[in-house]
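Colleague: Predicted model, plus sequence, below.
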Amino acid sequence: MQETQIDLCAVLPVCDEAANIVNVVAELCATLAEIPSLTRVVLLIVDDFSQDNGIDLLKDWFRAQSPAGVSLTLVRLTERHGMSIALLKGFKLARQWSPRLTLVMDADGQDDPQFIAALVARSDRADIVFALRGKRREPWTFRFCYAAFQLLMWLGTGRSARANQFCVMRTPVLAYVAASSYIDYLGALLNASPFSRDALTASRRPRGGGTSKFNFRGHVVTALTIMSWQPRLLVRLHRFTLLSLLTLGIFALSTDNFLLITLLTLVAVLAQLWWAKLRAILSRRADSQPFEFAERVETITADGELPTHHQAS
């Protein structure tokens with residue numbers, strides 16, 4: 001049992017971010033050092049089976065710079081699981097330290113650390129404080145996919161998708177998310193939680209380097225899994241879709257329009273495939289159990305004081 005509570009645990013999922021990880025952590029450490037209430041910090045880096053040398057570069061930088069009052073814990077997964085599951089693994093480990101606050105941010109440089117001080121300050125009056133996405137120039141393909149993602153998330157949760165994974169959580173919230181057996185999207189889970197929430201608007205920076213993992217397929221899969229949080233809504237939406245297609249099919253048959261009939265048949269098949277995908281997700285969640293997967297954990301400290309650590313399940 002540790003004698004001094006950790007003030008903040010920063011959880012960063014990483015996957016092939018050698019171009020960004022050192023700069024992100026260096027900027028993060030400099031920002032946290034300027035917040036007087038954060039004297040004991042743990043950086044928890046969850047490496048989702050990266051194939052580059054980013055983690056080695058980070059270890060070399062950390063040993064050379066030795067930021068005071070900061071410990072670095074590396075969780076290296078032995079196979080790829082995706083960002084949300086990597087985060088969940090980090091939360092299960094961080095829960096055992098019971099940090100007063102938990103910070104979640106990306107490791108690609110898009111989340112601006114200058115907003116962290118405001119997030120920490122607002123945590124005095126809310127259990128969760130989100131840094132909402134500000135406006136930023138994006139390719140039209142990304143904007144289209146993200147708009148569809150926002151719509152599907154609103155249909156699935158009744159809440160805005162602007163609440164992303166850049167946030168600060170208090171201890172009870174960390175315990176709540178760490179007790180989950182599966183996470184599709186952290187923002188959706190937190191939005192559906194019973195805790196109080198606050199938010200500020202934070203400008204989102206361009207990616208520092210490398211390529212984005214959240215492509216078209218990532219948007220679609222995430223949106224579908226988010227919708228599965230509301231099974232009753234999905235059943236109603238499925239029935240509405242089938243009734244609409246049936247009505248349009250009867251109309252198309254009455255007009256004897258082969259092209260329209262073919263198009264509606266294709267849409268009906270796609271709708272059924274979409275429903276089958278969602279049913280599979282619902283079944284997986286209903287049958288999900290607390291999972292285990294292999295990882296390697298390494299802790300590096302700059303001041304000789306390690307947080308108490310036990311292997312997370």
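Modeller: Yes, it's here.

Colleague: Please make it C-alpha for all contacts and neighbour counts, starting now.
Modeller: Will do.

Colleague: Domains in this protein, by residue range?
Modeller: Residue ranges for the structural domains of the chain, counted by automatic domain parsing, are given in the record as 8-143+160-220+290-301, 230-287.

Colleague: now those as a markdown table including mean neighbour count?
Modeller: Shown next, in a markdown table, are the domains of the chain (neighbours: other CA atoms under 10 Å):
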| stretch | mean neighbour count |
| --- | --- |
| domain 8-143+160-220+290-301 | 18 |
| domain 230-287 | 14 |
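
Colleague: Okay, now the unreliable bits of the protein?
Modeller: Counting by pLDDT under 70, the chain contains low-confidence residues at 1-4, 135-138, 141-142, 145-146, 148-150, 152-163, 213-238, 277-295, 301-313.

Colleague: Could I get the full set of strands for it?
Modeller: Per DSSP state E, the chain has strands spanning 8-14, 41-47, 70-77, 101-104, 128-133, 167-170, 197-202, 295-301. These are given in chain order.

Colleague: ok, back up a step: now the domains of the chain as JSON lines including distance to residue 151?
Modeller: As requested, the domains of the chain are exported to JSON lines (distance: least, CA to CA, whole Å):
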{"stretch": "domain 8-143+160-220+290-301", "distance to residue 151": "8"}
{"stretch": "domain 230-287", "distance to residue 151": "14"}
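
Colleague: about what we covered before: among the strands of the chain, which is nearest residue 29?
Modeller: strand 70-77 (8.1 Å; CA to CA).

Colleague: helices or strands up against that closest one?
Modeller: On a contact count with 3 or more CA pairs under 8 Å, 6 or more residues apart in numbering; DSSP states H and E, strand 70-77 meets strand 41-47, strand 295-301.

Colleague: circling back: mind checking which of the strands of the chain is nearest residue 249?
Modeller: Go through the strands of the chain one by one with CA to CA and the one that ends up closest to residue 249 is strand 128-133, at 41.5 Å.

Colleague: what packs against the closest one?
Modeller: Other helices and strands packing on strand 128-133, by 3+ CA pairs under 8 Å, 6+ apart, are helix 116-122, strand 167-170, strand 197-202.

Colleague: CSV please, covering the ones you listed and showing distance to residue 53.
Modeller: Written out in CSV, the entries for those read as follows (distance: least, CA to CA, whole Å):
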stretch, distance to residue 53
helix 116-122, 27
strand 167-170, 27
strand 197-202, 30
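
Colleague: Residue 132 is nearest to which of the ones you listed?
Modeller: Residue 132 sits nearest to strand 197-202 of all the helices and strands packed on strand 128-133, at 4.7 Å, using CA to CA.

Colleague: quick one: strands adjacent to the closest one?
Modeller: For strand 197-202, the pairing partners within the sheet under DSSP bridges are strand 128-133 (parallel).

Colleague: Relative to the whole chain's centre, how far out is the strand it pairs with?
Modeller: Going by CA atoms, centre = their mean, to the nearest Å, the spacing between the C-alpha centre of strand 128-133 and its chain's C-alpha centre is 12 Å.

Colleague: and it, C-alpha only, in CSV?
Modeller: Backbone C-alpha positions of strand 128-133 (Å, rounded to 0.1, in the frame of the first residue of the first chain) are rendered in CSV as follows:
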residue,chain,number,x,y,z
ILE,A,128,-15.4,14.1,-15.8
VAL,A,129,-14.1,17.1,-17.8
PHE,A,130,-13.9,16.7,-21.6
ALA,A,131,-11.8,18.7,-24.0
LEU,A,132,-14.3,19.0,-26.9
ARG,A,133,-13.0,19.2,-30.4
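
Colleague: Please tell me how far the closest residue to residue 201 other than its chain neighbours sits from residue 24.
Modeller: Beyond its immediate neighbours in the sequence, the residue positioned closest to residue 201 (CA to CA, 6 or more residues apart in numbering) is residue 132, lying 4.7 Å away. Remark: distance between residue 132 and residue 24 (CA to CA, to the nearest Å) = 19 Å.

Colleague: just residue 42 next, same as before
Modeller: Remark: distance between residue 42 and residue 24 (CA to CA) = 15 Å.
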